[in-house]
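1. output the structure for:
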Amino acid sequence: MNNKIDQSNFLKLISLTETDFSTIKWIDFRDKIKIYPLLVEDNQIRMAFLKHEPGAKLPKHLHSGTEILYYLSGEQTDENGTHQKGDIVVNKKGSIHSATSTGCIILAFWEKPVTFINE
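-> Below is the predicted model of the structure:
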């Protein structure tokens, strides 16, 4: 990966469309979902790459802060439609949704952690 990844006061991501995501050391996050944290503050992941394998399902959850998603590959569907490569989705504080995926990689930013509902 050509990007400068560190936990100091500066983070620069370059050429995301040319990044070889197969070289990332993904961490298991949820069933069929892996994560690669990019920014951690106050012991909370604030920015990360997410890799959803085909068939991944993200249960219904509440956003306690704004979430911004940039789709780098593949697609994901939620109650608001299907999101694909190049799309930017903003889920505002208080929004609730669930998602399924045919496989995708997302750059995600979270203001605050989400709360899963009925788990």
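
2. and the next element down the chain from the helix or strand residue 108 falls within?
-> Residue 108 is part of strand 96-110, with elements assigned from DSSP states H and E. Using DSSP H and E, the helix or strand that follows strand 96-110 in sequence is strand 114-116.

3. give me the buried positions along that following strand.
-> Within strand 114-116, the residues that qualify as buried by neighbour count (16 or more other Cβ atoms under 10 Å) are residue 114. Yep, even glycine has a C-beta here, placed from its N, CA and C like the rest.

4. same question for it, mean pLDDT?
-> Taken as a whole, strand 114-116 has a mean pLDDT of 92.

5. who does the helix or strand harbouring residue 89 pair up with?
-> Secondary-structure assignment from DSSP H and E places residue 89 in strand 88-91. With DSSP bridges as the test, strand 88-91 is paired with strand 67-78 (antiparallel).

6. which strands and helices sit next to the helix or strand that the strand it pairs with is followed by?
-> Where DSSP H and E defines the elements, the next helix or strand beyond strand 67-78 is strand 81-84. Strand 81-84 is packed against strand 67-78, with contacts defined by 3 or more Cβ pairs under 8 Å, 6 or more residues apart in numbering; DSSP states H and E.

7. hmm, residue 90 is touching residue 70, no?
-> No - the criterion here is Cβ atoms under 8 Å, and residue 90 misses it with residue 70 at 10.3 Å.

8. of those two, who's got more company?
-> Between residue 90 and residue 70, residue 70 has the larger neighbour count (other Cβ atoms under 10 Å), namely 16 against 11.

9. got the CA positions of the strand holding residue 108 in PDB?
-> Output of strand 96-110 as PDB, limited to C-alpha atoms (Å, rounded to 0.1, in the frame of the first residue of the first chain):
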ATOM      1  CA  ILE A  96     -31.100   4.000  11.400                       C
ATOM      2  CA  HIS A  97     -30.500   1.500   8.700                       C
ATOM      3  CA  SER A  98     -29.100  -2.000   7.800                       C
ATOM      4  CA  ALA A  99     -27.100  -3.100   4.800                       C
ATOM      5  CA  THR A 100     -26.300  -6.000   2.600                       C
ATOM      6  CA  SER A 101     -23.400  -6.300   0.100                       C
ATOM      7  CA  THR A 102     -22.500  -8.200  -3.000                       C
ATOM      8  CA  GLY A 103     -18.900  -7.300  -2.000                       C
ATOM      9  CA  CYS A 104     -17.300  -3.900  -1.700                       C
ATOM     10  CA  ILE A 105     -14.500  -1.800  -0.200                       C
ATOM     11  CA  ILE A 106     -15.500   1.400   1.600                       C
ATOM     12  CA  LEU A 107     -13.500   4.300   3.100                       C
ATOM     13  CA  ALA A 108     -15.600   5.100   6.300                       C
ATOM     14  CA  PHE A 109     -15.500   8.100   8.600                       C
ATOM     15  CA  TRP A 110     -17.400   8.000  11.900                       C
END
